[in-house]
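Asks: Fold the following.
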Amino acid sequence: MNSKVEQQHSSAGDTVKFLLAILVAVAGLVGFYWFAEWPGAVRGAALFVVLAVAAGIALFTAKGRALREYFAEARFELRKVIWPTREETVRATILVIIVVIIVSLLLGAMDMVISWLIRLLLG
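Replies: A predicted model of the protein is given here:
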């Protein structure tokens, strides 16, 4: 991650853009329910488009730019990851399955012993 510390102050333009994005999203939701007689797929597609437009408007604010920069840095960091090979993944998966089986057998045996002891004590 980048260790930059920035003070971001939202301007009046950013506030207007956020309000516009919220209004567009609310209008899309109202329209989704207002046109209830339309087919669901059409209403869903229209709602998706309207919400995408609202998100696009919000991305042009200072916080939107910061969000885009965050995702760009996250992608950059993901490129540095050394992913396990298929063989390593299969070995780890088999090991996890074996451990789960062993633990479940131990818990089942403990449950049987405890229930046997309770039956013994209660008669």
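Asks: Walk me through the domains of this structure.
Replies: The chain breaks down into these structural domains: 12-80, 84-123 (assignment by automatic domain parsing).
Asks: show me where this structure has strands.
Replies: Assigned by DSSP state E, the strands in the chain number zero.
Asks: Could you pull out the helices in it for me?
Replies: For the chain, helices defined by DSSP state H occupy the ranges 12-34, 40-58, 62-80, 86-122.
Asks: Show the low-confidence segments of this structure, by residue range.
Replies: With pLDDT under 70 as the threshold, the chain has low-confidence stretches at 1-10.
Asks: So for it, the centremost residue is which one?
Replies: In the chain, the centroid-proximal residue (C-alpha atoms, centre = their mean) is residue 71; its distance is 13.7 Å.
Asks: quick one on the thing from earlier: point out the most buried one among the domains of the chain.
Replies: Most buried of the domains of the chain by mean neighbour count (mean count of other C-beta atoms under 10 Å) is domain 12-80; its value is a mean of 13. For every residue, glycine as well, the C-beta is placed using N, CA and C.
Asks: now the end-to-end length of that one.
Replies: The separation between the terminal residues of domain 12-80, taken as C-alpha to C-alpha, to the nearest Å, is 39 Å.
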